[in-house]
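> Sequence and predicted model, in that order:
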Amino acid sequence: MSYVDEVYSMVVEKNPAQPEFHQAVKEVLESLRVVIEANEEAYRKDALLERLVTPERQLLFRVPWVDDKGQVQVNNGFRVQFNSAIGPYKGGLRLHPSVNLGIIKFLGFEQIFKNSLTGLPIGGGKGGSDFDPKGKSDREVMAFCQSFMTELYKYIGADTDVPAGDIGTGAREIGYMFGQYKRIRGLYEGVLTGKGLSYGGSLARTEATGYGLLYLVEEMLKCNGKDIAGKTVVISGAGNVAIYATQKAQQLGAKVVTCSDSTGWIYDPEGIDVALLKEVKEVKRARLTEYAAARKSAEYHEGKGVWTVKCDIALPCATQNELNLEDAKALVANGCFAVAEGANMPTTMDATEYFQKNGILFCPGKASNAGGVATSALEMSQNSERLSWTFEEVDSKLKGIMVNIFHNLDEAAKKYGMEGNYVAGANIAGFLKVAEAMTAQGIV
Ligand code: NDP
């Protein structure tokens with residue numbers, strides 16, 4: 001059996017009931033096969049792949065808190081510190097009822113390569129809880145966040161592990177967690193990113209993942225003789241990534257005609273009204289039915305359906321495995337020619353293969369959504385210097401990073417004889433830097 005297959009079997013055997021983690025490892029190892037086979041003896045002797053797929057540390061903890069009725073609630077807390085070869089662990093905290101160890105491990109594993117691709121000195125980690133902030137009062141969210149941080153603070157710090165937002169963790173949650181960290185440690189340091197502007201946050205961090213996605217798409221199209229202006233775009237999700245992806249796509253001259261949440265989706269042939277979407281989702285924290293009620297041109301549909309709409313470009317920005325083979329077939333049949341992932345692993349493996357076989361330009365999330373973590377790293381730099389950069393300064397650095405990421409993965413794919421396979425390019429480019437650092441640091 002080849003080294004890659006041996007390690008994959010070991011992952012499945014040692015990590016039972018973690019299908020998302022298996023899926024993420026399989027996708028990465030498959031596309032690294034050529035690189036691994038060229039160095040198999042050295043990598044095998046150093047157990048490089050076994051070390052790469054095994055987190056340096058996994059923290060599981062109890063999070064007790066009291067709800068508004070005086071009832072004690074208990075959630076599971078997680079932080080997986082996956083790989084620190086190129087810098088302190090960095091990755092978001094997901095608050096969603098679906099969170100379990102396998103999901104956090106898949107996200108942490110992906111984060112290693114994503115962070116490496118940014119070119120910045122950040123290692124890979126991820127965390128979160130099965131707590132659901134939806135429908136909770138501000139006081140309940142604060143009680144949960146304070147309890148969560150009362151355990152997590154022992155393991156994080158500006159130079160060791162710097163968590164950030166993700167699904168369910170926005171500015172409100174980061175604020176409560178930062179306050180509790182500062183209170184317990186008596187230390188004002190950049191231990192979290194995605195902070196508010198009044199206490200160490202970076203301008204453009206809120207917009208960064210969505211804007212970065214579009215900067216990368218723009219460059220990918222340009223390098224393939226195409227232009228984003230005038231194109232029709234479908235986007236899933238209605239959260240942080242989806243909102244700012246929609247905004248930037250419109251600024252670049254495209255028309256975004258859909259958005260969705262966990263209960264339904266909107267088709268708006270006139271183009272999504274971003275100000276209204278922000279009002280509904282960021283201010284009122286309401287359902288998309290409110291968007292449809294306030295806008296004549298919009299149709300609301302229950303369930304899932306964004307991928308059935310005719311478009312040129314599709315940007316999945318909600319959650320993992322939200323775009324399957326059937327969706328991919330519908331998109332291709334409708335003339336879609338480019339797909340870039342705003343969410344983490346939103347496309348199933350068979351759907352990704354279908355896109356690639358049909359000549360669709362396909363960019364994986366670990367490259368196309370890296371703008372969020374890259375700007376988080378810029379927030380860390382500003383916190384270290386105790387300075388704040390202007391919006392334009394951060395935005396222009398973000399754009400430079402995204403353009404660079406695209407060229408890195410494009411060149412890596414070409415170098416290993418897989419031109420146009422941006423999945424392989426991203427995995428190879430991300431892996432090589434981490435592997436070199438791990439080798440240089442010895443067996444740790
Ligand atoms: P938000 O919580 O702001 O928004 C998530 C959106 O996706 C919401 O509209 C939500 O619907 C929808 N959604 C969540 N879970 C499901 C589900 N199981 N089925 C259908 N819809 C769902 O999260 P973000 O925008 O921050 O994150 C979106 C994706 O982007 C995630 O995969 C995240 O890991 C990834 N990402 C985020 C980054 C960031 O900087 N925020 C950086 C890089 C990646 P509802 O409103 O009903 O909850």
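Received, thanks. Residues are numbered from 1 along each chain as shown.

> which residue does the stretch 51-200 of the chain bring closest to the ligand?
Nearest residue of the stretch 51-200 of the chain to the ligand (Cβ to the nearest ligand atom) works out as Ile167 at 4.0 Å. Heads up, the C-betas are built off the backbone N, CA and C, glycines and all.

> Who are the contact partners of that residue?
For Ile167, the contact set (Cβ atoms under 8 Å, 6 or more residues apart in numbering) comprises 94-96, 239, 319.

> Can you sort out which of these also neighbour the ligand?
Filtering those for neighbours of the ligand using Cβ under 6 Å from any ligand atom leaves 239, 319.

> most neighbours, which of the contacts of Ile167?
Leu95 (27 neighbours; other Cβ atoms under 10 Å).

> ok, what's across the strand from that residue?
Bridge pairing for Leu95 (DSSP bridges) gives the partners Ser129.

> I figured it hits Asp132, correct?
Yes - between Leu95 and Asp132 there is a contact under Cβ atoms under 8 Å: 7.1 Å.

> Farthest-apart pair in the contacts of Ile167, please.
Maximum pairwise distance in the contacts of Ile167, criterion Cβ to Cβ, is 13.0 Å, between Leu95 and Thr319.

> Next up, phi/psi of the residue in the chain that the ligand sits nearest to, please.
Nearest residue of the chain to the ligand: Gly239, at 1.7 Å (Cβ to the nearest ligand atom). When quoted as degrees, to the nearest 10, the phi and psi of Gly239 stand at phi -100, psi -160.

> And for Phe61?
phi -150, psi 160.

> about what we covered before: quick one, what contacts the residue of the chain closest to the ligand?
Gly239 sits next to 167, 261, 281, 317-318 when contact means Cβ under 8 Å, 6+ apart.

> quick one: which of these is most hemmed in?
Highest neighbour count within these: Cys317, with 30 neighbours (other Cβ under 10 Å).

> To which secondary structure element is the residue nearest to it when sequence neighbours are not counted assigned?
Leaving aside its chain neighbours, Cys317 sits nearest to Gly342 (3.4 Å; criterion: Cβ to Cβ, 6 or more residues apart in numbering). Following DSSP states H and E, one finds Gly342 outside all helices and strands.

> Does Gly342 touch Ala242 like I think?
Yes - assessed by Cβ under 8 Å, Gly342 is found in contact with Ala242 at 6.8 Å.

> need the residues of the stretch 51-200 of the chain near the ligand, please.
Contacts of the stretch 51-200 of the chain with the ligand, taken as Cβ under 6 Å from any ligand atom, map to 165-168.

> run the last query once more with 5 Å
By the rule Cβ under 5 Å from any ligand atom, the part of the stretch 51-200 of the chain lying against the ligand is 166-167.

> can you check the stretch 201-350 of the chain too?
209, 237-241, 261-262, 318-319, 343-344.

> how many neighbours does Ala275 have?
Using other Cβ under 10 Å, Ala275 is surrounded by 9 other residues.

> Can you give me the distance of it to Arg386?
The spacing between Ala275 and Arg386, counted by Cβ to Cβ, to the nearest Å, is 34 Å.

> Next: Ile104.
32 Å.

> and if you look at Gly165?
22 Å.

> Out of those two, name the residue with the larger neighbour count.
Neighbour count, other Cβ under 10 Å: between Gly165 and Arg386, Gly165 has more, with 26 against 9.

> So Gly417 sits against Val35, correct?
No - counting by Cβ under 8 Å, Gly417 does not reach Val35; the two are 11.3 Å apart.

> Which phi and psi values does Asp46 adopt?
phi -80, psi 0.

> for it, what are its contacts?
439, 443.

> Next: the one 4 residues further on.
Residues touching Glu50, when contacts are defined by Cβ under 8 Å, 6+ apart, comprise 7, 10.

> in which helix or strand would I find it?
Per DSSP H and E, Glu50 falls inside helix 48-53.

> Report the buried residues of that helix.
48-53 (16 or more other Cβ atoms under 10 Å).

> where's that helix relative to the chain centroid, distance-wise?
Once both centres are worked out by Cα atoms, centre = their mean, to the nearest Å, helix 48-53 turns out to sit 22 Å from its chain's centre.

> Could you do stretch 430-444 as well?
With Cα atoms, centre = their mean, you get 23 Å for stretch 430-444.

> cool, and stretch 260-280?
21 Å.

> Show the end-to-end separation of that stretch, please.
End-to-end span of stretch 260-280 (Cα to Cα, to the nearest Å): 12 Å.

> contacts for it?
Applying Cβ under 8 Å, 6+ apart, the contact partners of stretch 260-280 are 235-239, 243, 246-247, 250, 255-259, 281, 286-292, 294-295, 297-306, 309, 318.

> Next, the buried residues of the top helix by length along the chain.
Determined from DSSP state H, the single longest helix within the chain is helix 391-415. By neighbour count on 16+ other Cβ under 10 Å, the buried set for helix 391-415 is 394-395, 397-399, 401-406, 408-410, 412-413.

> name the helices or strands packed onto the helix or strand following it?
Sequence order places helix 422-440 as the next helix or strand after helix 391-415, per DSSP H and E. Helices and strands touching helix 422-440, by 3 or more Cβ pairs under 8 Å, 6 or more residues apart in numbering; DSSP states H and E, are helix 19-38, helix 48-53, helix 101-117, strand 361-363, helix 365-368, helix 391-415.

> what's the spacing between the last one and its chain's center?
Right, helix 391-415. Its chain's C-alpha centre and that of helix 391-415 lie 16 Å apart, by Cα atoms, centre = their mean.

> mind checking how far the one residue sitting closest to the centre of the chain is from Gly420?
Per Cα atoms, centre = their mean, the C-alpha nearest to the average position across the chain is that of Asn344, at 4.5 Å. Distance, Asn344 to Gly420, using Cβ to Cβ: 22 Å.

> From the contacts of stretch 260-280, keep the buried residues only.
Applying a neighbour-count criterion of 16+ other Cβ under 10 Å, the buried members of the contacts of stretch 260-280 are 235-239, 243, 246-247, 250, 255-259, 281, 287-288, 290-292, 295, 298, 300-301, 304-306, 309, 318.
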